[in-house]
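Trainee: here are the coordinates; sequence isn't available:
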């Protein structure tokens with residue numbers, strides 16, 4: 001059977017011509033205005049680093065390392081400082097803007113003494129371990145911007161009638177507070193409601209996730225055991241993803 005001339009022309013056209021699909025593959029269709037389509041960019045994370053602060057006091061005297069006497073429970077009162085073998089000073093505040101603030105500070109009264117002696121928190125819990133009713137006082141003595149200038153403050157009595165009884169209170173941001181026992185020679189604990197940390201027994205504190213850049217630092221040893229407060233200042237430069245170090249001396 002013969003094939004018509006029209007059919008031959010149709011086959012020739014289909015086999016020799018370039019299809020539209022092939023042309024489109026070579027020249028993809030662009031959006032109107034030749035815009036570029038990209039995924040939403042993730043928000044940039046702030047550059048963070050860590051800082052290690054050491055507080056030392058090479059010239060601390062023997063009198064400051066000794067007990068100033070007895071408590072009402074006939075136990076030895078804690079010394080002003082207990083330096084490490086390398087003169088590191090524990091229980092000192094390190095105040096640095098941007099440091100994290102724990103949710104709460106907890107102070108316990110036992111044997112006429114308060115422990116810990118320094119703490120940081122957004123709220124404060126005072127708990128009794130005494131086997132008889134006791135009273136302590138809480139007063140605001142200043143703020144973070146002026147730790148070198150304390151005020152008398154108004155004492156607020158807190159009753160702790162039985163062992164295990166606890167009282168919780170919210171602290172003002174940036175406030176500096178003193179808890180004191182009701183003895184003739186009261187023992188004290190100091191609490192800061194702000195961006196601060198407390199040195200360990202070696203006088204060291206590690207402050208994590210600080211913004212990169214320069215940070216002013218204050219080391220503050222509050223007054224206690226009949227001794228005045230001590231203060232030192234400095235600056236640490238935090239580098240992203242790195243550890244910056246600073247040593248402050250209370251001499």
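Mentor: Perfect, thanks for sending it. Just so it is clear, the model here is predicted, and its values are computed rather than measured. Numbers count the residues shown, from 1 in each chain.
Trainee: bridged to the nearest residue to residue 128 once chain neighbours are set aside, which residues?
Mentor: If the residues on either side of it in the chain are set aside, residue 128 comes closest to residue 160, at 3.6 Å by Cβ to Cβ, 6 or more residues apart in numbering. (Glycine included, C-beta is placed from N, CA and C.) Beta-bridge pairing of residue 160 under DSSP bridges involves residue 134.
Trainee: isn't residue 160 up against residue 132?
Mentor: No - checked against Cβ atoms under 8 Å, the pair residue 160 and residue 132 is beyond contact range at 9.7 Å.
Trainee: okay, the two: which has more neighbours?
Mentor: Legend: neighbour count by other Cβ atoms under 10 Å for residue 160 and residue 132, higher for residue 160 (20 against 9).
Trainee: pretty sure residue 223 is touching residue 186, no?
Mentor: No - with contact defined as Cβ under 8 Å, residue 223 does not count as touching residue 186 (12.0 Å).
Trainee: which residues does the residue nearest to residue 128 contact?
Mentor: Neighbouring residues of residue 160 by Cβ atoms under 8 Å, 6 or more residues apart in numbering: 109, 126, 127, 128, 130, 133, 134, 135, 136, 166, 167.
Trainee: of these, buried ones?
Mentor: 109, 126, 127, 128, 130, 134, 136 (16 or more other Cβ atoms under 10 Å).
Trainee: among the residues you listed, name the ones in strands.
Mentor: Among the buried ones among the contacts of residue 160, the members found in strands (DSSP state E) are 109, 126, 127, 128, 134, 136.
Trainee: just give me the closest of those residues to residue 46.
Mentor: Nearest to residue 46 among those is residue 126, at 36.3 Å by Cβ to Cβ.
Trainee: distance-wise, check the closest one relative to residue 88.
Mentor: 28 Å (Cβ to Cβ, to the nearest Å).
Trainee: next: residue 55.
Mentor: Counting by Cβ to Cβ, the gap from residue 55 to residue 88 is 7 Å.
Trainee: do the same with residue 216
Mentor: Relative to residue 88, and taking Cβ to Cβ, residue 216 is found at 21 Å.
Trainee: can you confirm residue 64 is in a strand?
Mentor: No - counting by DSSP: H, G, I helix; E, B strand; the rest coil, residue 64 falls outside a strand, being helix.
Trainee: just to revisit the earlier point, overlap in contacts of residue 55 and residue 88?
Mentor: The contact lists of residue 55 and residue 88 share 199, 203, 204, where a contact means Cβ under 8 Å, 6+ apart.
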